[in-house]
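J.: Structure, please.
(4 chains)
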Number of protein chains: 2
Amino acid sequence: MAGKKKDVIDISSSLPDIWRMLTDAEREILRSNARIVHFKKNELIYLEDDTPRELMCLFSGKVKIFKSGVGGRSQIIRIIRPIQYFGYRAYFARENYVTAAMAFESCAVCMIPMELIERFLRENGNLAFFFIQMLSVDLGIADQRVVNLTQKHVRGRLAESLLALKESYGLEEDGATINIYLAREDLASLSNMTTSNAIRTLSNFVNERIIAIDGRKIKIIDEERLHKISRMG
Amino acid sequence: MAGKKKDVIDISSSLPDIWRMLTDAEREILRSNARIVHFKKNELIYLEDDTPRELMCLFSGKVKIFKSGVGGRSQIIRIIRPIQYFGYRAYFARENYVTAAMAFESCAVCMIPMELIERFLRENGNLAFFFIQMLSVDLGIADQRVVNLTQKHVRGRLAESLLALKESYGLEEDGATINIYLAREDLASLSNMTTSNAIRTLSNFVNERIIAIDGRKIKIIDEERLHKISRMG
DNA sequence: GTATATTTGTGTTTTAGAACATAGTTCTAT
DNA sequence: ATAGAACTATGTTCTAAAACACAAATATAC
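T.: Down below sits the predicted model:
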């Protein structure tokens, strides 16, 4: 019961965007239908071809959305940070998932039935517009990503990924180390290259004093150069 | 005046999806604010970094949405067929356009002020959901496209593009020729390859009796093999 | 209808990045 | 705490596709 109470508090205070837009009645319905699910590191949240049923909001932890491509080679499509929503696109498109989601590290995810969300947003223009905006922003990012991944060279793609990770998860207290603990393989599948190439290019960046590496921790030394490398391709 | 009348008729009968969802009052407002603009072959409809102001619906003709990538190399992001909407994403995301749009061939485009559309959809759940669905479908396609363009080889990418063109614009009366007149360069920038590679691979497909070529006209002879090549990468 | 520009086709060279191999290192589960 | 698995690192080889070069064929504009 204490646990239940805690969840309720989490939900109302941790869904700021959606919560703000609802009426009291809607909030009550949402409160009694939402649940919080915990995932361990590397645990799957949903699978490619699953049927989408719930809107998910990441409360804590880090999540990757990925696709298995040609010959099982997997590709990270986007990364989710706390208080971001995910898992809703396929439901709206009336499709099964075309991606899978996995916890990079242990996570708490709030799940809200999509039927509820659809019912609310058909009555609530602000909520509808909130989703329209999220989808529009994501579609713009996806369009940009197509060009970045296909036209930039490995150095440009890796530089871009490092900057994206910094953008999403921020820096540690030293103001330089990217706040994520990522295998080289994940860095590779985020940057569309082989693991060898990610390792090699990372080493080059270290030699050029653009970054410093301590195991999986990456410290950005010369962010300006990273930006330049990312821009130039 | 006769011309004006004609436009009005076109608008009500050619915007089936949106029209159906509006009230009579909304229809009246829309009718008096929509305009039809004609574009000649290769004319630009909007430019990268322009400010989006209008929802566009292609009434007739063919349109490409493209981005200029690294070193000016342009990449076709998607192609628009008649009765498809476009140009609205950036407005919803509160961004300028990140893509440009150009007429493949002479076009008639219906333009509706985006403010109007936003006002309507905030009041009209069905209209809002219509846009949510379009955006969701497009985002799914974009995610798929990232993997296709980065992981498939030239043959797979070209096969896929040919099938996509057939899907969008259909076949001519012979039931085999793709109903579009496209330069090799456009075919290349749709398939993310150089023009030389598009030409060469097209020739290979001809030698393998998968397609036949007459100038820019492409006839699909063995669609099954195209599908197979596209799937296999 | 002719001239000029653009597009198409093909051969050759070059190169970025994949594939492969192998050793050392670091996780992780029991 | 230790064994086994997974990850990291680096060198070497191989290959798909880009870059380049140049005819030939078509389009487009005047």
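J.: okay, which residue is most central for chain A?
T.: Closest to where the C-alpha atoms of chain A average out (Cα atoms, centre = their mean) is A:Ile80, at 1.6 Å.
J.: which ones are touching the residue in chain A that DNA strand D sits nearest to?
T.: Of all residues in chain A, the one sitting closest to DNA strand D is A:Arg184 (3.1 Å; Cβ to the nearest atom of the strand). Where you see a C-beta, it was placed from the backbone N, CA and C, and this is true even at glycine. With contacts defined as Cβ atoms under 8 Å, 6 or more residues apart in numbering or on different chains, A:Arg184 is in contact with A:195, A:198-199, A:202, A:216.
J.: got it, and A:Arg145?
T.: B:Val146.
J.: For it, give me the pLDDT.
T.: Note on A:Arg145: pLDDT of 95.
J.: Then A:Phe104?
T.: 89.
J.: Count the neighbours of A:Leu202 for me.
T.: Using other Cβ atoms under 10 Å in any protein chain shown, A:Leu202 has 19 other residues around it.
J.: So A:Leu139 is in contact with B:Ala142, correct?
T.: Yes. Counting by Cβ atoms under 8 Å, A:Leu139 does reach B:Ala142; the two are 6.2 Å apart.
J.: Neighbour count: these two, which is higher?
T.: Just comparing A:Leu139 and B:Ala142: by other Cβ under 10 Å the higher neighbour count belongs to A:Leu139, 25 against 21.
J.: Would you verify that the more buried one is located in a strand?
T.: No. Checked against DSSP: H, G, I helix; E, B strand; the rest coil, A:Leu139 lies outside a strand; its state is helix.
J.: for it, what are its contacts?
T.: B:89, B:93, B:135, B:138-139, B:142.
J.: what's the spacing between the residue nearest to it when sequence neighbours are not counted and A:Val109?
T.: Excluding the flanking residues, the one nearest A:Leu139 by Cβ to Cβ, 6 or more residues apart in numbering or on different chains is B:Leu139, at 4.9 Å. B:Leu139 is 20 Å from A:Val109, where distance means Cβ to Cβ, to the nearest Å.
J.: Where does the prediction get shaky in chain A?
T.: The model of chain A has pLDDT under 70 over residues A:1-14, A:16.
J.: Quick check: the farthest pair among the contacts of A:Leu139?
T.: Pairwise distances across those (Cβ to Cβ) peak at 13.7 Å, for the pair B:Ala93 and B:Ala142.
J.: ok, A:Gln151 - how many residues close by?
T.: By the criterion of other Cβ under 10 Å, A:Gln151 has 20 neighbours.
J.: do A:Asp174 as well
T.: Using other Cβ under 10 Å: A:Asp174 sits among 7 other residues.
J.: quick one: it and A:Ile220 touch, right?
T.: No. The pair A:Asp174 and A:Ile220 does not pass the contact test of Cβ under 8 Å, sitting 10.3 Å apart.
J.: A strand includes A:Asp174, no?
T.: No. Counting by three-state DSSP, A:Asp174 is not found in a strand; it is coil.
J.: what sits against it?
T.: A:Lys219.
J.: For chain A, which segments count as helices?
T.: A:2-14, A:16-21, A:24-33, A:89-92, A:114-123, A:125-151, A:154-169, A:184-191, A:195-207, A:223-232 (DSSP state H).
J.: Please identify the deepest-packed of those.
T.: helix A:89-92 (a mean of 24; mean count of other Cβ atoms under 10 Å in any protein chain shown).
J.: Adding distance to B:Thr23, write the helices of chain A out as CSV.
T.: Output for these, formatted as CSV (distance: least, Cβ to Cβ, whole Å):
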stretch, distance to B:Thr23
helix A:2-14, 35
helix A:16-21, 23
helix A:24-33, 24
helix A:89-92, 24
helix A:114-123, 16
helix A:125-151, 15
helix A:154-169, 42
helix A:184-191, 47
helix A:195-207, 55
helix A:223-232, 48
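J.: Using CSV, lay out these together with distance to DNA strand C.
T.: Listed next are those as CSV, based on distance: least, Cβ to the nearest atom of the strand, whole Å:
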stretch, distance to DNA strand C
helix A:2-14, 25
helix A:16-21, 32
helix A:24-33, 33
helix A:89-92, 27
helix A:114-123, 32
helix A:125-151, 9
helix A:154-169, 4
helix A:184-191, 8
helix A:195-207, 4
helix A:223-232, 12
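J.: between those helices, which gets nearest to A:Arg73?
T.: Closest approach to A:Arg73 among these is made by helix A:184-191 (7.7 Å; Cβ to Cβ).
J.: Also compute the angle for that closest one relative to helix A:154-169, please.
T.: Relative orientation of helix A:184-191 versus helix A:154-169 (axes from the mean of the first three to the mean of the last three Cα atoms, to 10 degrees): 100 degrees.
J.: and the nearest residue to A:Glu123 once chain neighbours are set aside, what is it in contact with?
T.: Nearest residue to A:Glu123, sequence neighbours excluded (Cβ to Cβ, 6+ apart): B:Gly125, at 5.9 Å. By Cβ under 8 Å, 6+ apart, the residues touching B:Gly125 are A:121-125, A:128.
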